[in-house]
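Asker: sequence plus the predicted model coming up.
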Amino acid sequence: MNNWTDVLDVNDIPPLGARVVRHGSLDIAVFRTDGDEIFALEDRCPHKGGPLSQGIVHGRKVTCPMHGWNVELDSGQAVAPDQGCAREFPVRVENGRVSLDFAGSVQRPACSCSD
Amino acid sequence: MDMSTPAGHGPKMKLVMVGNGMAGVRTLEELLKLAPDLYDITVFGAEPHPNYNRILLSPVLAGEQTVDDIVLNPLDWYRENNITLHLGRKVVKIDRSARHVEDEDGTRAGYDRLLLATGSTPFILPVPGADLEGVVSFRDIADVDAMIRAAGRYRHAVVIGGGLLGLEAANGLMKRGMDVSVVHIGPWLMERQLDEPAARLLQKNLEEKGMKFLLQKQTAELVRGESGRVAAIQFKDGDSAPADLVVMAVGIRPNTELAESAGLHCNRGIVVNDTLQTFDPRIYSIGECAAHRGIAYGLVAPLFEQARVCANHLAHYGIGRYQGSVTSTKLKVTGIDLFSAGDFSGGEGTEAILYSDPIGGVYKKLVIKDDKLVGGVMIGDTVDGAWYFSLLRDGKNVSELRDHLMFGQDHCGNLGHQGINKAATMTDDMEVCGCNGVCKGDIVKAIREKGLFTLEDVRKHTKASSSCGSCTGLVEQILAVTAGGDYSAAPKTKSVCGCTDHTHEEVRATIRQNKLLTIPQVMNFMEWRTPNGCASCRPALNYYLIAAWPGEAEDDPQSRFINERAHANIQRDGTYSVIPRMWGGNTTPSELRRIAEVAEKYDIPAIHVTGGQRIDLLGVKKEDLPKVWADLDMPSGHAYGKALRTVKTCVGSEWCRFGTQNSTQMGIDLEKVFFKMWAPHKVKLAVSGCPRNCAEVAIKDIGIIGVDSGWEIYVGGNGGIKTEVAQFLVKLKTPDEVLEYTGAFLQLYREEARYLDRTVHYIARVGLDYVKKKILDDAEGRRALYERLLFALSVERDPWVERAKEGKQKHEFETVSA
């Protein structure tokens, strides 16, 4: 059971880009690929906390602007050989509107998230 | 998931690999990464062991490591990847029409694709007694076992062959307590890697450790003892020596027997094309058995490069091509560092620079031809090997470096590794890579635990040497000691990134010739491997497009690094810094007042005076940026961009009692004309009003010094990681000439440099003479360059004005609250 919150329009996000959604003290990066897929990750690189929303998006990955880690958009996992993972948030897209489930963040099994 | 099988469904294709060595298994690893479900894989290995690191047989022989230590892929790995493994089984027949292979027992395995990775076999001298007990080669674990057994029982060992392999064998046997003589037919050791003085120094070092040498000796016979085992070696000149163990290390040859028996074309190896296919396109071959463009490689790095291309092709991926490798040898014979690359012997049309310190145990020779480094050999101190190798591979013009070349990169102003040049003397907690804070221990650990072999691997896993590169030599030394790496090699041409095999030059030329205007067009036209590139190639392509087609190609903010997308510099806490432009370093009370008011209004926590004569406001929140810019009402300083940064000036003849020219005005004029200029990397200018040079022009991309009779122009200076002194280009009379010549130089750099090359790197690649030809000798060309720059600048607008006053890219600065 997801608890969806409507946040923005798909077209508010540039293709191959991201927008930051602020929920309380939490920043979530909402990404759009060139195929208009939408993904949401906590806006913190698993490396040193860099803002992933500010990175370059390519394929289903984003490159962190701080030290160049690549993070998978669909899982939050760092691309090998780097290890770590950013918290992933469920996304729903309906009629061009993007909703997030702030309470439903997913922690991947093989990852060493700090929280 | 069966999309990639031929019919779209049905059984998987069958891949059979003959040979279970490093190159072959690396191919499988690469293939499994790309297409884990495409093939049913069967492997035949003649040895009873899983894939192990053959390079490390020497430390096993020397007792420093065990066989278990050097296994790369344990049996579990084959199981986990569903690979059918036949160990100790030699394939003797390939039936190409029925498409199956057959081993000694008659077991058959059918294939859709066959990979021959049969490696090489040691060459055995055809002398009487070569088949006696106690005569071995040094190629596999069985050989090493035989040598270790002999060392436990016998005293005299003779190693035939004074190459790398022979010396490693001799060293190992010596460590096992044997009395070892090395027999060599040539006049000096390792003649394919070393010249005579280097070899003599090596020999002296080894003799001090107790090794004996019999040079220029030809073996006539191996003499049988009473027990039936070898007892002595007899030479053609009548001499002889006792020998309870004889190790033949006189060379290897590609193992092509099986391929030849199947009618595959072989010529000093199994002949393969650039996709590693033999003359039968279902059959691939890689590794020491394969001959690519006439060369059978024996070093790990090129073989792994082949593996990557071969796996790509087997996976039906992309258009990977193997185009050959330039190799250098970086080796460690028993604690002595050696480096050898290219044509080190010299000859007609070449000159050599020599350095020899017999007491210190250091010898270096660099061979130069037509102002380019074509080869080198070093012993005792090899830390600059990587640097020499890159000069050699890139064919850089070294005429300007010549005086300092021998003394290495440090003497050309290289900082960042504390002047340490010997990895062996470093402790594990000492820092190797100053940029990324990586210690020696981290690198050693990563190499051991992750099984790394190449510099690229180490860069990926540890980040060491991945930024400024000044520690590359140290990292290579650590790699050589830890992984037994006996190589360093690189692809012949340098592609833009892993998304393509095309070089920067090819991409730029294609964009121009075909009038490509967007990044997707380039990627499509040039068959990029990835859907939208990566963080390396996208910014490069974006720059190449707007540089080639100003006003027509549209700038793509999503392909710009965040600083250039936000027009401010991201800081470690995610805030930004703002540096407004102050023309020529001049400012006014009203500007200073506005800066002060903005800092208070937006709670800006830090204000810093930069080295470029401007003021930096640090800690600005991203959403405040457009308002800060609007309130400042000053031009963008482009401190965030690969663009024109500052033009630093002194106060010149207006104020200074020594000033000969109005350097301040000259600087302001230059900055106003070149304002908004994007470039392959950042560009810094400076103008001094007299030769006292208060504006420090010698470390700028373009430095201008006013003298009584005019202006001297210097280019290619750099004050970064590697201090580079700018070189004199020309002396000019009028400010208009200064604008035209500097503008033309900048445009030449903009049109021809690789993305992220500073002017110094560009000049090092093409040579200052080339730049002079274009800028000084060709007046029409110079004016055309300058015109093209002015046109490109005419279509650019101040990005701060666009964002502060016109709402451009508004979403970039807005956070959604929910």
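Answerer: Alright, I've got the coordinates. Numbers count the residues shown, from 1 in each chain, chains lettered A, B, ... in the order given.

Asker: for the residue of the stretch 351-500 of chain B found nearest chain A, give me its contacts.
Answerer: Nearest residue of the stretch 351-500 of chain B to chain A (C-beta to the nearest C-beta) works out as B:His461 at 4.5 Å. C-beta here means a position set from N, CA and C on the backbone, and glycine is covered the same way. By C-beta atoms under 8 Å, 6 or more residues apart in numbering or on different chains, B:His461 lies in contact with A:81, B:446, B:450, B:452.

Asker: out of those, who has the most neighbours?
Answerer: B:Leu452 (22 neighbours; other C-beta atoms under 10 Å in any protein chain shown).

Asker: which residue packs closest to it, ignoring adjacent ones?
Answerer: Nearest residue to B:Leu452, sequence neighbours excluded (C-beta to C-beta, 6 or more residues apart in numbering or on different chains): B:Val458, at 5.5 Å.

Asker: any idea which element the one you found lies in?
Answerer: Applying DSSP states H and E as the criterion places B:Val458 in helix B:455-462.

Asker: can you check B:Met523 too?
Answerer: Here B:Met523 is assigned to helix B:519-525, by DSSP H and E.

Asker: so A:Leu41, which state does it fall into?
Answerer: strand (DSSP: H, G, I helix; E, B strand; the rest coil).

Asker: relative to B:Ala566, how far out is it?
Answerer: Distance of A:Leu41 to B:Ala566, computed by C-beta to C-beta, to the nearest Å: 20 Å.

Asker: neighbour count for those two, which is higher?
Answerer: Shown here are A:Leu41 and B:Ala566; by other C-beta under 10 Å, A:Leu41 has more neighbours (27 against 22).

Asker: look at the more buried one and report its pLDDT.
Answerer: The score at A:Leu41 is 96. That number is its pLDDT.

Asker: which non-adjacent residue is nearest it?
Answerer: In space, and not counting its chain neighbours, A:Leu41 is closest to A:Ala86: 4.5 Å by C-beta to C-beta, 6+ apart.

Asker: if I pick that neighbour, what's in contact with it?
Answerer: A:Ala86 neighbours (C-beta under 8 Å, 6+ apart): A:41-42, A:44-46, A:52, A:71, A:76, A:113.

Asker: follow-up on the earlier one: and the residue nearest to B:Leu452, how many neighbours does it have?
Answerer: With other C-beta under 10 Å as criterion, B:Val458 counts 29.

Asker: give the contact list for it.
Answerer: Contacts of B:Val458 (C-beta under 8 Å, 6+ apart): B:443, B:446-447, B:452, B:464-465, B:475, B:479.

Asker: in the sheet, which residues pair with the closest residue to chain B within chain A? Tell me.
Answerer: Using C-beta to the nearest C-beta, the single residue of chain A nearest to chain B is A:Thr63, 3.6 Å away. Counting by DSSP bridges, A:Thr63 forms beta bridges with A:Ile56, A:Asn70.

Asker: tell me how far it lies from B:Val522.
Answerer: Where B:Val522 is concerned, A:Thr63 sits at a distance of 19 Å (C-beta to C-beta).

Asker: before we move on, what about B:Phe407?
Answerer: Counting by C-beta to C-beta, the gap from B:Phe407 to B:Val522 is 42 Å.

Asker: wait, the residue of chain A closest to chain B sits on B:Ala535?
Answerer: Yes - counting by C-beta atoms under 8 Å, B:Ala535 is a contact partner of A:Thr63 at 3.6 Å.

Asker: quick one on the thing from earlier: B:Phe407 and B:Val522 - which one has more neighbours?
Answerer: B:Val522 (24 against 12).

Asker: with adjacent residues omitted, what lies nearest to the more buried one?
Answerer: B:Leu516 (5.0 Å).

Asker: OK, contacts around the nearest residue to B:Ala606 once chain neighbours are set aside?
Answerer: The shortest distance from B:Ala606 to any non-neighbouring residue, by C-beta to C-beta, 6+ apart, is to B:Leu618 (4.0 Å). Residues in contact with B:Leu618 (C-beta under 8 Å, 6+ apart) are B:571, B:575, B:577, B:604-608.

Asker: so for A:Thr63 and B:Ala535, which residue has more residues nearby?
Answerer: Using other C-beta under 10 Å, the more surrounded residue of A:Thr63 and B:Ala535 is A:Thr63, with 23 against 20.

Asker: gap between the more buried one and B:Leu125?
Answerer: 56 Å.

Asker: repeat for B:Ala259
Answerer: 25 Å.

Asker: which one of these two has more residues nearby?
Answerer: Shown here are B:Ala259 and B:Leu125; by other C-beta under 10 Å, B:Ala259 has more neighbours (26 against 17).

Asker: could you find the closest non-adjacent residue to the more buried one?
Answerer: Using C-beta to C-beta, 6+ apart and skipping the chain neighbours, the partner closest in space to B:Ala259 is B:Ile270 (4.5 Å).

Asker: so what pairs up with that neighbour in the strands?
Answerer: Here B:Ile270 sits in beta bridges with B:Cys266, B:Ala290, as judged by DSSP bridges.

Asker: report the contact partners of B:His184.
Answerer: Neighbours of B:His184 in contact, by C-beta under 8 Å, 6+ apart: B:161-162, B:166, B:213-217.

Asker: pull the most distant pair out of those residues.
Answerer: Within those, B:Gly166 and B:Gln216 form the most distant pair, 14.9 Å apart (C-beta to C-beta).

Asker: report all helices and strands that the helix or strand containing B:Tyr770 contacts.
Answerer: If you go by DSSP H and E, B:Tyr770 is part of helix B:768-772. Judged by 3 or more C-beta pairs under 8 Å, 6 or more residues apart in numbering or on different chains; DSSP states H and E, helix B:768-772 is in contact with strand B:727-732.

Asker: okay, the angle between the helix or strand following the strand it packs on and strand B:727-732?
Answerer: On the C-terminal side of strand B:727-732, the closest following helix or strand by DSSP H and E is helix B:735-752. Relative orientation of helix B:735-752 and strand B:727-732, computed by axes from the mean of the first three to the mean of the last three C-alpha atoms, to 10 degrees: 140 degrees.

Asker: show me what the helix or strand following helix B:735-752 is packed up against.
Answerer: Moving toward the C-terminus from helix B:735-752, the next helix or strand (DSSP H and E) is helix B:759-766. The contact analysis (3+ C-beta pairs under 8 Å, 6+ apart) places helix B:759-766 against helix B:735-752.
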